[in-house]
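S.K.: next comes the sequence, and after it the predicted model I'd like to discuss.
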Amino acid sequence: MANYKSLDAISVADIQSLAGITPSLAQKLHAELAEIVRDHGAGTPATWTHISRRLLNPDLPFSLHQMMYYGCFKDFGPDPPAWSPDPASAILSNVGQLLEKHGEEFLGSGYKDPISNFADFQQFSVSKPGVYWRTVFEEMDISFSVPPKCILHENPSHESSVPNPGGEWLPGAYLNPAKSCLSCNSKRTLNDVVLRWRDEGNDDLPVSSMTLEELREEVWLVAYALDTLGLEKGSAIAIDMPMNVKSVVVYLAIVLAGYVVVSIADSFASTEISTRLKISKAKAIFTQDLIIRGEKSIPLYSRVVEAQAPMAVVIPSKGRSFSTELRDGDVSWHDLLDRVIDSRGNEFAAVEQPVGAFTNILFSSGTTGDPKAIPWTQATPLKSAADAWCHMDIRKADVVAWPTNLGWMMGPWLVYASLLNGASIALYNGSPLGSSFAKFVQDVNVTMLGVIPSIVRAWKSSNSTAGYDWSSIRCFGSTGEASSVDEYLWLMGRANYKPVIEYCGGTEIGGGFVTGSLLQPQSLAAFSTPAMGCRLYILGDNELPIDAAGIGELALGPHMFGSSSTLLNADHYSVYFKGMPSLDGKVLRRHGDFFERTASGYYRAHGRADDTMNLGGIKVSSVEIERICNAADDCVLETAAIGVPPPEGGPEHLVIAVVLKNPDHLVDLDQLKKSFNLAVQKKLNPLFRVSVVVTVASLPRTATNKVMRRVLRQQFSQPQDMNPKLWTPEELGTAEVKIGGGVSGRQSKRLQKKDAAAAASYHPLPKCSRGLTVVKCSVDAPYEGSVPKFPRMTVWDPYKRLGVSPYANEEEIWGARNFLLEQYSGHEGSEESIEAAFERLLMTSFKQRKKTKINLKTRLKKQVDESPAWVKNLLSFVELPPMDIIFRRLFLFAFMGGWSIMNSAEGGPAFQVAVSLAACIYFLNEKTKSLGRAFAIGLGALATGWVCGSILVPIIPTVLIHPTWTLELMTSLVAYCFLFLGCTFLK
């Protein structure tokens, strides 16, 4: 703001100097500005409110908007309000109307009005969750088929072996959220429009729409069709599709019919699809043959096939024909619906389930390897809808648009946030980056537009919103990544300065934990309040919440309605609660971000506390990207992937630090960047993009050989340091650290624990202005004072480092370790060096013990992986079903064998063989969903068994065969074996 004049110092010439401003327009604008300054002052929130409403409009150059905004708040201090609530409008909001009815009842005689007492109401939602949530459910018209015994049972852990600090919400309740989405109530009628959409390329055609009655009919029909697939209720069914009308219908139908949606983003590569299908144990998948983006066709079904997905229901992107032939066992969309065409118009009886039953399995990237599988229960959709009801003020007659996908939590969030609040969903089937989407927003009269900063940046750079009327928008929502002040000032200006509600949460939360409100002033790129029902703690160096402004690790109160209580592929308690401090007897919930609470009471995010980065709203671990980049080019020895925020703010840029195998060899970094991008986009996610490749002599590491990505992030966060020169360890170790505020003692302590050497560059500092350069400090500088230092820290051999013989037993190794730790206690580097050597010796011992055991499964897998291609092709027709299925079918055919022996006929057990064949074909058809394939495999198994039996039985010595057993009987027993193997293990 230092480069801008205060409003009372701006002249006509200053305004006229801006591009696009004529002299007459400059005179008019200056006169209007002078009047506003005279009435409201030169730098108050009221001044800006009047400027934004009376003086500015989307057609004026953005440079004028900046001049007015920064000039108004030049001397205001931090967190200037870009939008302030209007008292008259506040009373008409969802929360405003609730508080007008219950304000004094809930908050006592101190209640004044919705704006003044909003923060008190948020505290009330935490301290009185029973009253708050019961009231909100009534306001939202949420009904239960069986009402809950209470809202929250805080201490259910003693009733279960699994600890659950989050408590049990709505115990005893039964409901179906999809049924609630389709119900008529006080918010809507059957004739109300609930879906509006347009396909890319049809910009001049009218917007398509669907009423509630039409949506119900479509969802019911698909629900009937799902029951023809032969799946058990509760089975997982995946959706890998763009966010369009059919995917919304399928999503609601799966939940309505009592199945579980598995969310898979349509941008994923086949390996990512396969991982999610295996973790969720999906029994079927809905997908499209192609994704159409303008003139471009992107294959989708082929990726699903490559992922070896289970039975697929394939929707053609155009008409009824497909661009490719379907696999055996896969079903076309129209064929599936034709099975139940007679049921069209008949209401489907929703499957009401306990509140803890799953509705959706979503995925969040772990810090290593597989993503975490996070199930949403029947209650989670209510959390999503309640956030939208309270914080975005979504209500009847609203039109909600948010470019997203059902593979990410904001896809299901959009469905529930709109339909449960009586609003309409607006879906654009195409890219949201161009002017076609801007026209769609205008044509459907969007009232709440959700964005991520990357989309806003694209709109601003291309000016793709120019000429379109966005005045219907009441607010924006923003999530996914860090936002930029200038970009969001520009965004607000497109809709006559409607507020941006920042929204931060997680898949495991089911919504947000910190956000904004239409009843509070909103500052750009900041959060104004914890979400309703959520309590935030910023932890200090004593692991207790800090009361004053500052930065620290964010922790959450354990009792959050709708948040996860289990993970499918990890221990939920270990991930979110283990090792966290307790407060008032309640263990806090881990989140993993550093947050700042400002002196004005706003919250700002400062990135992940681990080595996970956020690229375009998608969290991904450094390890995943590094694994791909390490194999992308032969010249690469190793890499480190880091997310670097740009100096002007906004989403992180992906930077790859590369150590070359031959540093003296010249490498084309542009070509290397292309190789990295190609590999990452093909194997991980096509939305990821490497921004910069930098060569380093070596990666900075701790004594335990852990890569200190934080040091690289500090160094490369400085624009002048982003150049292709070869960085040395010494240069990396003397990085200038630019920060925007003090680092808390807890943060410093945490860094010391994780990266002992890196922590030397962190010191608690008083709050300082953005861009202040802190004195250089060496990464390897000791900070333990004059304590004794272990002299063998650099010795590579772990035996020599600990001073023991290579033949020492574990007791001797433990003794040496304990002696050295005691002797050099207090010197962090020495302690880490000793522990590192000790851990290496323990790992060596473990590996030696492990080699003595036979791991049959691993050896078989290795042999399969090394086998010829024809063997792998044969094995692709074989599967290993669950043991209960194997034993059930084994019992059946054993019974048929016993029956044949006990009741052998003169002509052989023809009847028993026929029954066995029929059973085999039935089992195969249930598995393959192809009667022809089932007949072929069943008859083939019978013929093969009969031929083998006819050959083998005569060879058996007669003394071993019972006198009454005929050749036909013996042959049938062999045939039973082949029928059992065929229907159990073939596919």
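M.R.: That came through fine.
S.K.: quick one: pLDDT of the spatially most central residue of the chain?
M.R.: Centroid-nearest residue in the chain, with CA atoms, centre = their mean: S364, separated by 4.1 Å. pLDDT recorded at S364 is 83.
S.K.: repeat for the one 10 residues further on
M.R.: You'll see I374 listed with a pLDDT of 97.
S.K.: same thing with the one 5 residues further on?
M.R.: Per-residue confidence (pLDDT) for A379: 98.
S.K.: what residues are up against V12?
M.R.: Residues counted as contacts of V12 (CB atoms under 8 Å, 6 or more residues apart in numbering) are A26, Q27, H30. (Glycine included, C-beta is placed from N, CA and C.)
S.K.: restricted to buried residues, select those residues in ChimeraX.
M.R.: Typed into ChimeraX, the line below selects the buried ones among these, using 16 or more other CB atoms under 10 Å:
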select :26,30
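S.K.: count the neighbours of T22 for me.
M.R.: 9 (other CB atoms under 10 Å).
S.K.: near the closest residue to it other than its chain neighbours, how many other residues are there?
M.R.: Distances taken as CB to CB, 6 or more residues apart in numbering place Q16 nearest to T22, at 7.7 Å, with adjacent residues excluded. Neighbour count for Q16, taken as other CB under 10 Å: 16.
S.K.: I'd say Q16 and L29 touch.
M.R.: No. Using CB atoms under 8 Å as the test, Q16 is too far from L29 to be in contact (9.2 Å).
S.K.: could I get the contacting residues of the residue nearest to T22?
M.R.: T22, P23, A26.
S.K.: just the pLDDT for it.
M.R.: Residue-level confidence at Q16 comes out at 95, pLDDT.
S.K.: which ones are touching G562?
M.R.: Applying CB under 8 Å, 6+ apart, the residues near G562 are W169, T377, A379, T380, L382, K383, S384, A386, I509, G510, G511.
S.K.: what is the nearest of the residues you listed to Y503?
M.R.: Y503 lies nearest to G511 out of the contacts of G562, by CB to CB, at 8.2 Å.
S.K.: look up the residues forming beta bridges with that closest one.
M.R.: G506 (DSSP bridges).
S.K.: now do whichever strand or helix holds R196: which elements does it pack against?
M.R.: Assessed by DSSP states H and E, R196 sits inside strand 193-199. Packing contacts for strand 193-199, counted by 3 or more CB pairs under 8 Å, 6 or more residues apart in numbering; DSSP states H and E, involve strand 208-211, helix 212-226, helix 245-256, strand 424-429.
S.K.: distance to G803 and mean neighbour count for the ones you listed - can I get that in JSON lines?
M.R.: Listed next are these as JSON lines, based on distance: least, CB to CB, whole Å; neighbours: other CB atoms under 10 Å:
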{"stretch": "strand 208-211", "distance to G803": "77", "mean neighbour count": "17"}
{"stretch": "helix 212-226", "distance to G803": "68", "mean neighbour count": "22"}
{"stretch": "helix 245-256", "distance to G803": "63", "mean neighbour count": "25"}
{"stretch": "strand 424-429", "distance to G803": "68", "mean neighbour count": "24"}
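S.K.: I91: which of the ones you listed is closest?
M.R.: strand 424-429 (24.4 Å).
S.K.: got a list of contacts for the helix or strand following that closest one?
M.R.: Next helix or strand after strand 424-429 toward the C-terminus (DSSP H and E): helix 435-443. For helix 435-443, the external contacting residues (CB under 8 Å, 6+ apart) are 198, 200-201, 203, 207, 401, 403, 426, 428, 430-431, 449, 459, 464-466, 468-470, 472-473.
S.K.: which among those residues end up buried?
M.R.: In the contacts of helix 435-443, the ones that pass as buried (16+ other CB under 10 Å) are 198, 200, 401, 403, 426, 428, 430, 449, 459, 464-465, 468-470, 472-473.
S.K.: stretch 62-82: end-to-end distance?
M.R.: 15 Å (CA to CA, to the nearest Å).
S.K.: flag every buried residue along that stretch.
M.R.: 62, 64-74, 76, 78-82.
S.K.: hmm, A238 is touching L277, no?
M.R.: Yes. Counting by CB under 8 Å, A238 touches L277, with 6.1 Å between them.
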